[in-house]
Each structure stands twice: as C-alpha cells, then as structure tokens.
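A.B. asks: can't give you the sequence, but here's the structure:
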Ligand code: ARG
C-alpha cells in the first residue's frame, strides 16, 4: 500500500533528523484538490509544539530526509507546514502491471491474518416477516464479512434467529384452535402472523387465552412431542421463506443458530453465575447480575423461574468464542436497543465469557419510507421485502431497456435482476450506517448519480472498450513495467493513483466498519473514469504507446470496480 509506505518513510525521516522522539499520530491523506499531491501529511504541524520549531522548518527537514526506495516520491513543502507527495510514474506503472498480473488478489490486504471475527447479522424473528431492519442488517453484515475476508481475517457468518420465547406458545395455542396446515404451507409467514395477531387480539378480551399460551410454551420447553413438532414445522417454514430473500440477495450465511439452540445450557449458566458469586438470587426466584456503575442489574432469570432473552445471548457468546476461537464478535443490529446489547456485553465480561472490547455492536439507523415515514403501506402494514426487491428488479428493467434496447430478452431479465438488487444494496451501503435513510427509488436507480446502475454501467462500458481493443494485455503489461520516464498526463496520473488506492480503502472501511467508505470511493473512481473516457479516446488514438497505456488503465479501472463492487456484494455485469 502506497499510503503505508509513505507513513513509514515519514516516521523514519523524523527519527533520522530529530532523534528518538515520540511521533504523534499524524495522517497521510488524499488531498481534496489534486494539485496538492497524490497524498499529503500534517506530520510537521503536529510536531511543531513538541520540537519548538516552525512547522515549515520541520516539514522541510522531513522532506529532505525522506528516502523511499521504490516510490521515488516527489515532495513539496507548503505553508503552514504540509508536505505533499507525488508518486513517480515508474512506480505507478509497475504497480498497475503487478495488479493486472495477479487480478485475483487485487484489493486484498493482510491486516487480518491469523485473526477470527464472528459476524452476527440478519437474525430475523421466526413466524414474522423480515423487517427493513433485517434487510439492512443482512446487506451491511454481508459487506462487512466480505471486507473482513479481503483483509485476511477468518470471518464466520452467523444468523441468530429469534425462535424461542412465550410468543411461540401463543402461536401454538392459536394454531390448535384455528390452524389450517394447507394455508401455512402456501403462505407460511403470512398465515403464522395472522394466527398470532388474531390470538393476541382475542387474548385482550379473554386473558385466559394468555395463560393457555404460556402453558403451551411451558409444554414446549418440557419437550412435549406435539408442541415440539409444531414449533419445528413453523421454524422450518419460516427459514425456507427467509432463504428466498437471501437467495435473491445473493447472501450466504454459513451458520444459522437460533435462540432455542441454547435452551439446554441456560440453567447451567445461571447456576454457575450464582456459584461464583457473580449473580444474586432475589426474594422471589429471580436472578440478577449486578453491573458496577449501572443502576440496572441484568436479569438472567425471571421470578417465575423462566430464562429470558439475555440468558440466551450470554450462552451464545460463550459458545461462539469457544467454537470459533473468535477474537471478536460483531453484532450487526439496529440502533433501537443499544442498551440491551450493552448490558449483555457487560454481563458477559463480568461472567468471564468475553474480555472488554471483544464484543461490538455495529449499529445502523432506520430505513424510512417516502417522506420519512415508517416503512409501511398506507394502511400501516409492513411491506414484504420480497415485494420491494421484486419492484427494484422490475424498475431496473426500464433502465436496461433505455440503455440497451438491443440486448436479447433473456439477457435483459438477467441484467435487470443484477441492477435491481445492486441498486438496493448500494443505496443502503453508500450511506453512513448510523444515519437514518429514506428509501428513494429515484436516487437508487439514478444513472447520473451515486448508484449501483451508474457504477455497473461505467464498468460495462469500459469493459466493452477492452473487448474492442483486444490488446494483448500480457504484452502491454510487460511493456508497461519497462516503460520509464513520464508517459502519463495529469488525468491519467490521477486515475491511476485512484485505482491503486483500493487496498487502502479496504483498510479504512474496516476501521469502524463503514462500508460507505468503499461505496463512495468507487463512485469517485467511476466519475474520474468517465471524465477520462470522454477526454482520452482509446480506440481512436493513433499513437500505439498511448493507446496501449490507456487500454491497461481501463483494465485497471475495470478490475478495481468489479472487485470493489463484489466486496459490497454487488455484481458487475459484462454488458448492459
Ligand atoms: N432478532 C432480533 C430482531 O429481529 C435481532 C437480534 C439482534 N441480535 C442480538 N444478538 N440481539 O429484532
């Protein structure tokens, strides 16, 4: 990575000139204005106080001392004390050659080597439709998994469905009263939701129904075969339904381990916490873990002796860390209940299941419907996600029609699917995950703006140039690495440095799990590539060297776009 090399060289230069001093946490960034260099650092500004010298003087000293073997940096010191860097053409071209020689590994970095991260995401509730927050969790979670893998981590993907609790007793009771197996088979989730809602409503009139539901759950907990069979059936039907959405999204979750899995371990967790004096039994039968510095102790057993959600969360943490030797567990879950997870994490630390910092809530904001209202129909009903995704696909069909009416029918359908699903994902991932976002078809499918179709179209168009030039890329790449001097003009230089930044962006996107860093970078790269494409014709160029050079540059952009989009979980069609 170029940035890393610059960083190290600066640190070395500082030590060389100023001796063994403490080096502040300086940055090496890509300046907004390309005239200020490929990279720029504030190191001298940060050192001024400590060294009691003018930043300009320090900057000059560092620049003087800077030795970068192969980058062959050109530097400029500018007031009040920045150092700007330009990477040599020779190095840029050699790097391009290297990346095109090993396209498979382009964008991969090594910061995660030897480390394992478990990422819990999606985690829907059984017998209920997937909500928009599950869609966001699935999309963001999958992007984080992909990024982690690109960075060399072993990333374990995991969903933790809500498949246990009193609500299943109510559902069983409702089914026993009104259930129709055929209806469930046809529309499992809708029908289960109907039964549940109808029962809960009836229970408002007649509270005895609630007791009945609790009894059914108790029977389920005790292993009653009939109830267990029903519950398992509801579970399987639900998971099958969720799988349809995952398949459409192209998401693959390796492990689905729901809350129910932990049922057999819960008594042991509670007993163990009591035995070690970390939990206290209340006057009733409740058990709590007192949390130092918090007014709210964490309940792990209710007064009726029943276990709760938190107990299952704790068991899951213990299991995940043991099973996968996880260095870290990420919870890609909505912003709504930060307190719950915080308390769970603190309790897990107190019980010795995890150490501080090992558990992290990767929160995200809400996805709102038009006008910032709840994502629901006019009647206030949940909009089924499958419908939303299908609408994205059918709207993309019009986009494809507009771009390429001559595409064969079959291809059109295929591309529309890739564009539609890509559009939903990119829309989500291009926002900072903490922001609430308003679902908006216009910008999602905007061919002129930051959208998947724009990126996919740029990719496809550049790809078609490559097909046309049919340059023997190997030869060109070999030639490139021999080329020295400065055959690059300013635009080409900018485009190439942007291409080469992909690994740095992967690193940035993992610092605080912000896939939008990658999404925005790709948009910037595509914009630059489009500018280049208009001012730098490839095929019409008479000069052979220039033409070859532009062709490999285009190949570099194509590879970077497709790798970057793949990390976001978005496919880039060859043609569209
Ligand atoms: N099942 C929950 C829901 O659907 C999300 C679970 C989040 N993960 C967790 N470990 N609490 O809202």
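C.D. replies: Now that the structure is in, tell me what you want to look at. The model shown is predicted, which means the values in this text are computed figures rather than measured ones.
A.B. asks: how about the residues of the chain by the ligand?
C.D. replies: With C-beta under 6 Å from any ligand atom as the criterion, the chain meets the ligand at residues 120, 123-125, 160, 162, 313, 331, 333. Heads up, the C-betas are built off the backbone N, CA and C, glycines and all.
A.B. asks: let me have those residues in a markdown table, extended by pLDDT, neighbour count and secondary structure.
C.D. replies: Shown next, in a markdown table, are these (pLDDT from 0 to 100; neighbours: other C-beta atoms under 10 Å; DSSP: H, G, I helix; E, B strand; the rest coil):
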| residue | pLDDT | neighbour count | secondary structure |
| --- | --- | --- | --- |
| 120 | 98 | 24 | strand |
| 123 | 97 | 23 | coil |
| 124 | 96 | 28 | coil |
| 125 | 94 | 17 | strand |
| 160 | 98 | 23 | coil |
| 162 | 96 | 18 | strand |
| 313 | 97 | 23 | helix |
| 331 | 98 | 22 | strand |
| 333 | 96 | 25 | strand |
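A.B. asks: buried residues in stretch 453-466?
C.D. replies: Neighbour-count burial for stretch 453-466, counted by 16 or more other C-beta atoms under 10 Å, picks out 453-463, 465-466.
A.B. asks: with stretch 331-348 instead?
C.D. replies: Going by 16+ other C-beta under 10 Å, stretch 331-348 has these buried residues: 331-334, 341, 343-348.
A.B. asks: okay, residue 422: pLDDT?
C.D. replies: Per-residue pLDDT puts residue 422 at 98.
A.B. asks: surely it is within a helix?
C.D. replies: Yes. Assessed with DSSP: H, G, I helix; E, B strand; the rest coil, residue 422 lies in a helix.
A.B. asks: got a list of what it touches?
C.D. replies: 452-453, 456, 565, 570-571 (C-beta atoms under 8 Å, 6 or more residues apart in numbering).
A.B. asks: and what of residue 413?
C.D. replies: Residues in contact with residue 413 (C-beta under 8 Å, 6+ apart) are residue 397.
A.B. asks: and after whatever helix or strand it lives in, which helix or strand comes next?
C.D. replies: Per DSSP states H and E, residue 413 falls inside helix 409-429. Sequence-wise, the next helix or strand downstream of helix 409-429 (DSSP H and E) is strand 437-438.
A.B. asks: parallel or antiparallel, list what pairs with that following strand.
C.D. replies: Strand 437-438 pairs in its sheet with strand 367-368 (parallel), by DSSP bridges.
A.B. asks: and the strand it pairs with, how far from the chain's centre?
C.D. replies: A distance of 18 Å separates the centroid of the chain from that of strand 367-368, by C-alpha atoms, centre = their mean, to the nearest Å.
A.B. asks: for the stretch 401-550 of the chain, which segments count as helices?
C.D. replies: 409-429, 441-444, 452-469, 473-482, 490-499, 502-511, 516-535, 544-567 (DSSP state H, counting those that start in this stretch).
A.B. asks: mean pLDDT lowest for which of these?
C.D. replies: Here the lowest mean pLDDT among these goes to helix 473-482, at a mean of 61.
A.B. asks: related to what we said a few turns ago, just put the contacts of residue 422 in CSV and tack on distance to residue 318.
C.D. replies: Shown next, in CSV, are these (distance: C-beta to C-beta, whole Å):
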residue, distance to residue 318
452, 40
453, 45
456, 43
565, 37
570, 36
571, 38
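A.B. asks: would you agree residue 77 falls within a strand?
C.D. replies: Yes. Residue 77 forms part of a strand when assessed by three-state DSSP.
A.B. asks: that one: what's it in contact with?
C.D. replies: By C-beta under 8 Å, 6+ apart, the contact set of residue 77 is 56, 59-60, 63, 83-84.
A.B. asks: avg pLDDT for the helix or strand where residue 386 lies?
C.D. replies: Element membership for residue 386 (DSSP H and E) is helix 385-403. Per-residue pLDDT values over helix 385-403 give a mean of 93.
A.B. asks: tell me which of the helices of the stretch 401-550 of the chain lies nearest to residue 116.
C.D. replies: The closest of those to residue 116 is helix 502-511. By C-beta to C-beta, the value is 14.4 Å.
A.B. asks: now do the buried residues in that closest one.
C.D. replies: Using 16+ other C-beta under 10 Å as the test for burial, helix 502-511 gives 502-507, 509-510.
A.B. asks: and it, what does it pack against?
C.D. replies: Other elements packing on helix 502-511 under the criterion 3 or more C-beta pairs under 8 Å, 6 or more residues apart in numbering; DSSP states H and E are helix 2-18, helix 132-150, helix 516-535, helix 544-567.
A.B. asks: how far does that helix sit from the chain's center?
C.D. replies: Relative to its parent chain, helix 502-511 has a centroid offset of 12 Å by C-alpha atoms, centre = their mean.
A.B. asks: for stretch 344-359, same thing?
C.D. replies: Offset of stretch 344-359 from its chain centre (C-alpha atoms, centre = their mean): 24 Å.
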